[in-house]
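K.L.:
have a look at this prediction, sequence included:
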Amino acid sequence: MNYDKYIAKVVAEIPPSGIRKFFDIASEMEDVISLGVGEPDFTTPWNICENAIYAIETGKTHYTSNHGTTALRQEIAAYLNERNALQYDINQIIVTVGASEALDIAFRAVINPGDEVLVPAPSYVSYMPGVKLAGGVAVPVLTVAANAFKYTADVLKSVITPKTKALIMPFPNNPTGGIMTKEELAGIVDVIIENDLLVISDEIYSELTYDGKHVSIATLPGMKERTIVINGFSKAFAMTGWRLGYVAAPLPLTKAMLKIHQYTILCAPSAAQEAGLEALKTERKNGYKQVREMVQQYDHRRRYLFEAFNALGLRCFEPKGAFYMFPDIRLSGLSSDEFCERLVKEKRVACVPGTAFGEGGEGFMRCSYASSMENLKEAIKRITEFLKENGWL
Amino acid sequence: MKNMRNEILDILRDDAKASAKEIASMIGESEAAVAAEIKGLEDEKIILKYKTLINREKINSEYAEGLIEVKVEPQRDLGYDRIAQRIYRFDEVTAVYLMSGTYDLSVHVEASTMKQISEFVFEKLAVMEGVRSTATYFIMRKYKEHGVIFADDDKDERLVISP
Ligand SMILES: Cc1ncc(COP(=O)(O)O)c(C=O)c1O
């Protein structure tokens, strides 16, 4: 049977994941040090797990309201207010199956066929396919190391057309570690407002910044009314497998997203919602101590790795957020793909080629420092050998 | 603001073998500044010692460890210090804490066999002047010590590569 004719064109047109190949190579090998992992190496704090177990024991195993439980949305509202200076009413918030679902329902709620959406390049692998699956046209906005992988008004102006409907804000960024400060955000707000764009702001790494606090673009004058804020528990609370995130937006947009969410998802997992409730409540009570300690550990690794890469001649932009380093590997004369493939085959260090994150990624590789210092030291040792043996150092 | 001392202590508390050079790169200071700070911490006896955490179950030598709850008579002018000192000077005693609650001193002892610990208790400790009573508990298995879980095989459950 020829299945091609059954598979929707929009799906067929989505290219295979650039990560898949490396996953296949690395998972076949023994003794691999992986800097290719896009999730925390911390395990979910036990108080959170314990609360979820208790929730299951006491029968909290049913559907919840489509929106998510009231208690959780109240905590999310309080959290957004305290940590990101964002004020939302609980009916403007939907609890989702990870930030991933939040991105999907945001795209589908606003995109009409042919609408253009500005997608950062390089950036998280889901944006481009998400926009396309929703019928939109993903237009890359190139960000470059020389400009700390930020957006600028000029670059935005150069890609905006009458069809541009929305802009994805991806800061702190995966894979570059770039952020935007309040002043830098102020520099692009006029362009956004003049062109009447909607902003979809993926703030999943908002807790992980190393040089001042994260600023949500929704806090700038005139922006809250045109911003969909997306966040979640995966990175800040080391809860990737729980599949818990949320979206907060102006009410009419929340209602539109809720329509999709209620029919396709119904509700986020109830035990995970109880876990998330515990995460926020306890952290708030303790002044976000767990988060602070985690950020300090990431920061130590970040500084270590940054210095080590630069000392090896793999020039590196100093990442200010998330847990990724994006060194320049062009001294090898190889493509990102070749470099990463040889590194994993010759030295069993797995990284992800920059090209997996779209345009602007060639010449770079993504290294995650969500890994123990011990692993990072061993990885640097092996990368040093790799460079020396190939005459690049 | 971050405090260099506390950051150094946080790192060393977790990994006593971290070198000044490594710590310097982790916290963005010079190696010389970190080395000087560590020396200061040592000189001021804030850092007392660098020790090694050992999983005794994995080595083939006899070993026993016990916790003894000791009730004592505090002495005029000296309080509990004098009696605590008499107890902690014994080599087999690894830790002594003054406690709130139903007893006074928590005494941790290590020896090659349980018999040796028992002998220590009834020959040395229970008969000591000022000791009113003792209750001895032997440790049967260690699950976690100094924040380290003994059974952990450190297996990374994450996918090797993920977006
Ligand atoms: C930038 C970014 N957004 C969203 C996600 C997905 O997060 P979640 O686990 O909440 O679906 C990730 C995960 O790697 C990410 O890096």
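P.N.:
Yes, it's here.
K.L.:
show me the contacts for A:T264.
P.N.:
By CB atoms under 8 Å, 6 or more residues apart in numbering or on different chains, the contact set of A:T264 is A:I105. The way it works is simple: take the backbone N, C-alpha and C, and place the C-beta from them, glycine included.
K.L.:
same check on A:I168?
P.N.:
By CB under 8 Å, 6+ apart, the neighbours of A:I168 are A:V117, A:L118, A:V119, A:P120, A:S123, A:Y127, A:V199, A:I200, A:S201, A:D202.
K.L.:
from A:Y324, how far off is the fifth one?
P.N.:
Right, A:S123. Going from A:S123 to A:Y324 by CB to CB, to the nearest Å gives 11 Å.
K.L.:
now do the shared contacts for these two.
P.N.:
By CB under 8 Å, 6+ apart, the residues touching both A:S123 and A:Y324 are A:N174, A:P175.
K.L.:
surely B:V34 is in contact with B:I8?
P.N.:
Yes. Because the distance of 6.5 Å satisfies CB atoms under 8 Å, B:V34 is recorded as touching B:I8.
K.L.:
beta partners for the residue most central in space within chain B?
P.N.:
Centroid check for chain B by CA atoms, centre = their mean gives B:A95 as the closest residue, at 6.9 Å. In this entry, B:A95 is beta-bridged to B:H108, by DSSP bridges.
K.L.:
and for the nearest residue to B:V96 once chain neighbours are set aside, the neighbour number?
P.N.:
Excluding its sequence neighbours, the residue lying closest to B:V96 (CB to CB, 6 or more residues apart in numbering or on different chains) is B:Y88, at 4.4 Å. Number of residues near B:Y88 (other CB atoms under 10 Å in any protein chain shown) recorded here: 14.
K.L.:
hmm, back to that, ok, and of the contacts of A:I168, which contact chain B?
P.N.:
Residues of the contacts of A:I168 in contact with chain B (CB under 8 Å from any CB of the partner chain): none.
K.L.:
would you check which pair of those lies furthest apart?
P.N.:
Maximum pairwise distance among those (CB to CB): 14.5 Å, between A:S123 and A:V199.
K.L.:
the more surrounded of these two?
P.N.:
With neighbours defined as other CB under 10 Å, A:S123 and A:V199 compare such that A:S123 has more, 27 against 20.
K.L.:
just checking, that one touches A:A356?
P.N.:
No. Using CB under 8 Å, A:S123 is not in contact with A:A356, being 10.7 Å away.
K.L.:
quick one: name the residues of chain B near chain A.
P.N.:
B:7, B:10-11, B:15, B:18, B:22, B:25-28, B:156, B:158-163.
K.L.:
A:F306: neighbouring residues, count only.
P.N.:
Around A:F306 sit 20 other residues, with neighbours defined as other CB under 10 Å.
K.L.:
and the pLDDT at it?
P.N.:
In this model, A:F306 is scored at 97, pLDDT.
K.L.:
and the stretch 1-150 of chain A, which residues reach chain B?
P.N.:
Checking the stretch 1-150 of chain A against chain B by CB under 8 Å from any CB, the hits are A:17, A:19, A:22-23, A:26-27, A:32, A:34, A:36-39, A:41, A:124-126.
K.L.:
which of the contacts of A:I168 sits closest to A:L331?
P.N.:
Checking those against A:L331 with CB to CB, the nearest one is A:S123 at 24.5 Å.
K.L.:
excluding sequence neighbours, find me the nearest residue to the closest one.
P.N.:
Nearest residue to A:S123, sequence neighbours excluded (CB to CB, 6+ apart): A:P170, at 4.9 Å.
K.L.:
any idea how far A:I217 is from that neighbour?
P.N.:
Remark: distance between A:P170 and A:I217 (CB to CB) = 11 Å.
K.L.:
same check, this time on A:C351
P.N.:
Applying CB to CB to A:C351 and A:I217 gives a distance of 30 Å.
K.L.:
A:A379 too?
P.N.:
In this structure, A:A379 and A:I217 are 34 Å apart, going by CB to CB.
K.L.:
one more: B:A35?
P.N.:
The value you get for B:A35 to A:I217, if CB to CB is used, is 43 Å.
K.L.:
so those two - more neighbours on which side?
P.N.:
Shown here are B:A35 and A:I217; by other CB under 10 Å, A:I217 has more neighbours (24 against 15).
K.L.:
just checking, that one touches A:R226?
P.N.:
No. A:I217 is beyond contact range of A:R226, at 9.5 Å (criterion: CB under 8 Å).
K.L.:
and for the two, which residues touch both?
P.N.:
A:V199.
K.L.:
let me see the domain layout of the chain.
P.N.:
Just going to use chain A. Using automatic domain parsing, the domain parsing of chain A gives A:3-44+A:289-389, A:62-285.
K.L.:
let's do chain B instead
P.N.:
Here the domain parsing of chain B from automatic domain parsing is B:2-43, B:56-145.
K.L.:
what's the neighbour count on whichever residue of chain A sits closest to the ligand?
P.N.:
Distance from the ligand to each residue of chain A (CB to the nearest ligand atom) is smallest for A:G98, at 2.5 Å. When neighbours are defined as other CB under 10 Å, A:G98 has 23 of them.
K.L.:
ok, now which ones touch it?
P.N.:
The contact partners of A:G98, taken as CB under 8 Å, 6+ apart, are A:G232, A:S234, A:R243, A:L244, A:G245.
K.L.:
so how far is A:I76 from the third one?
P.N.:
A:R243 sits 16 Å away from A:I76 when distances are taken as CB to CB.
K.L.:
same thing with the last one?
P.N.:
A:G245 sits 10 Å away from A:I76, going by CB to CB.
K.L.:
over to the first one?
P.N.:
Distance of A:G232 to A:I76, given as CB to CB: 10 Å.
K.L.:
intersection of neighbour lists for those two?
P.N.:
Contact criterion CB under 8 Å, 6+ apart; residues shared by A:G232 and A:I76: A:Y246.
K.L.:
who has more neighbours, these two?
P.N.:
A direct count of neighbours by other CB under 10 Å for A:G232 and A:I76 places A:G232 higher, at 29 against 23.
K.L.:
show me what A:C367 is bridged to.
P.N.:
Beta-bridge partners for A:C367, by DSSP bridges, are A:M325.
K.L.:
which parts of chain A are helices?
P.N.:
Shown for chain A, the helices assigned by DSSP state H span residues A:9-12, A:20-28, A:46-57, A:70-84, A:98-110, A:127-133, A:153-159, A:182-194, A:251-264, A:270-285, A:289-311, A:336-347, A:373-389.
K.L.:
please identify the deepest-packed of the ones you listed.
P.N.:
Highest mean neighbour count of the helices of chain A: helix A:98-110, a mean of 24 (counted as mean count of other CB atoms under 10 Å in any protein chain shown).
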